[in-house]
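Asker: Please find the sequence and the predicted model below.
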Amino acid sequence: MSAVIPIFDVEYDHPEPSANTCDTRHAWARVPIEPLPHERAELKERIKRLLKERNAVMVSHYYVHPDLQDLAEETGGIVSDSLEMARFGRDHPATTLVVSGVRFMGETSKILSPEKRVLMPDLDATCSLDLGCPADEFSAFCDQHPDRTVVVYANTSAAVKARSDWLVTSSCALDIVSALKAKGHKILWAPDKHLGSYIQRETGADMVLWNGACIVHDEFKAFELVELKKQYPKAKVLVHPESPADVIALADAVGSTSAILRAASEMDAHEFIVATDNGMMHKLRTLNPGKFFIEAPTAGNSATCKSCAHCPWMAMNGLAGLAHVLETGANEVHVDPAMGLRARLPIDRMLAFTAALKAGQPAGSLVPNIGAA
């Protein structure tokens with residue numbers, strides 16, 4: 001039986017909207033000024049030089065600016081979903097990781113690589129799911145359900161991870177929850193209610209859900225998607241599971257960012273409607289030059305000043321900020337060592353599970369709730 005609990009409405013302090021900020025219902029984000037063409041070229045060359053000098057590597061998410069995606073790949077870094085970002089940063093020999101994404105991604109990199117320096121273009125780049133799941137309230141919720149195994153999404157703070165038994169990303173959540181269910185576990189899930197509901201429907205697991213949502217995916221609307229499908233009747237619909245259930249119901253394929261990329265490459269279709277952050281469009285179009293990708297429609301109070309489906313915090317990552325942190329060492333991510341050790345347990349369980357799954361081996365033992373920490 002799935003249930004959704006109330007959650008405190010979290011406010012993120014913000015200034016008055018201006019040309020360089022994005023206003024949302026509960027958040028704000030500074031948008032970097034777009035460099036001129038000659039400035040862009042100069043910044044890229046400076047960053048390439050600094051990466052070598054600092055023994056640093058770029059770890060970028062699919063949702064950040066195309067410049068940061070391309071530059072990561074050009075310099076031996078990675079562009080990926082949060083699961084592969086975590087693996088790559090842990091295993092790469094660089095002593096400095098430059099994470100272009102949002103705060104929880106930098107924290108996860110630091111937790112997995114405490115001996116490395118982790119820098120981010122802007123430490124204020126956060127996430128509505130992280131903001132909407134305060135660690136103290138979440139810990140109290142866990143204490144109310146001591147018989148449940150605590151499974152949290154990657155989009156959470158280090159403190160919330162430290163309180164959990166398992167970490168999952170959207171690319172491995174179904175497999176891990178299915179394995180837990182098979183061993184008789186009841187699940188406490190946080191923070192994304194849409195992803196949690198999707199997992200519950202697909203696995204039949206006994207789950208209680210935290211009531212959080214991504215401000216980008218929550219804005220996709222089924223009635224607008226139906227109308228768009230009328231304009232593109234041959235288009236296949238690709239949907240991220242952080243989207244509402246009625247949007248997911250219209251999908252031809254549902255999955256993580258990596259799964260969406262695979263579906264676009266493998267499906268026998270020319271047109272695709274994509275319901276995820278529009279930062280994905282760069283990689284989709286780069287990998288599939290003969291195919292046509294259309295952004296799924298939003299309605300109501302859009303996540304980014306009605307600019308349609310782009311995370312305002314992902315937009316805070318820019319070339320100038322990246323060059324600045326490499327030059328100065330500013331915006332270093334710090335995680336309390338004791339908390340980092342506790343938070344690493346569920347992350348390591350996830351990574352070991354997915355590695356075993358990939359190798360076709362048993363995923364190993366599953367553990368009960370580890371208690372408040």
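Answerer: Nice, I can see it. Since the structure is predicted, the reported quantities are computational estimates derived from the model, not experimental observations.
Asker: Distance across stretch 111-128, terminal residue to terminal residue?
Answerer: The first and last residues of stretch 111-128 sit 21 Å apart, counting by C-alpha to C-alpha, to the nearest Å.
Asker: Oh, that last question was meant for stretch 112-129, not what I typed.
Answerer: Looking at stretch 112-129, the gap from its leading to its trailing residue is 21 Å under the measure C-alpha to C-alpha.
Asker: and what of stretch 92-111?
Answerer: Its start and end residues considered, stretch 92-111 measures 15 Å (C-alpha to C-alpha).
Asker: Rounded mean pLDDT for that stretch, please.
Answerer: What stretch 92-111 shows for mean pLDDT is 98.
Asker: Same check on stretch 287-297?
Answerer: Across stretch 287-297, the average pLDDT comes to 96.
Asker: Let's see it as PDB, backbone CA atoms only.
Answerer: Taking C-alpha atoms only, stretch 287-297 is exported to PDB below (Å, rounded to 0.1, in the frame of the first residue of the first chain):
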ATOM      1  CA  LEU A 287      24.000  11.400 -31.100                       C
ATOM      2  CA  ASN A 288      21.100  11.200 -33.400                       C
ATOM      3  CA  PRO A 289      21.600  13.700 -36.200                       C
ATOM      4  CA  GLY A 290      18.900  12.300 -38.500                       C
ATOM      5  CA  LYS A 291      16.200  12.400 -35.900                       C
ATOM      6  CA  PHE A 292      13.900  15.200 -34.700                       C
ATOM      7  CA  PHE A 293      13.400  16.000 -31.000                       C
ATOM      8  CA  ILE A 294      10.600  18.100 -29.600                       C
ATOM      9  CA  GLU A 295      10.400  19.400 -26.000                       C
ATOM     10  CA  ALA A 296       7.400  18.100 -24.100                       C
ATOM     11  CA  PRO A 297       5.000  21.000 -23.100                       C
END
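Asker: tell me which residues in it are buried?
Answerer: Applying a neighbour-count criterion of 16 or more other C-beta atoms under 10 Å, the buried positions in stretch 287-297 are 291, 293, 295-297. For glycine as for every other residue, the C-beta is placed from the backbone atoms N, C-alpha and C.
Asker: how much space between Met85 and Thr75?
Answerer: 15 Å (C-beta to C-beta, to the nearest Å).
Asker: So which of the two has more stuff around it?
Answerer: Counting neighbours by other C-beta atoms under 10 Å for Met85 and for Thr75 shows that Met85 has the greater number, 28 against 16.
Asker: Can you give me every residue that contacts the more buried one?
Answerer: Met85 makes contact with 59-61, 78, 99, 101, 105, 108-109, according to C-beta atoms under 8 Å, 6 or more residues apart in numbering.
Asker: List phi and psi for it.
Answerer: phi -60, psi -40 (degrees, to the nearest 10).
Asker: Mind pulling up the pLDDT for it?
Answerer: Per the predicted model, pLDDT is 93 at Met85.
Asker: quick one: it and Ser258, what's the gap?
Answerer: Met85 sits 11 Å away from Ser258, going by C-beta to C-beta.
Asker: quick one: which of the contacts of Met85 is most hemmed in?
Answerer: Neighbour counts for those (other C-beta under 10 Å) peak at Thr108, which has 31 neighbours.
Asker: and the residue nearest to that one when sequence neighbours are not counted, what element?
Answerer: With C-beta to C-beta, 6 or more residues apart in numbering as the measure, Ala86 is the residue that lies nearest to Thr108, at 5.3 Å, once sequence neighbours are left out. Here Ala86, judged by DSSP states H and E, is contained in helix 82-91.
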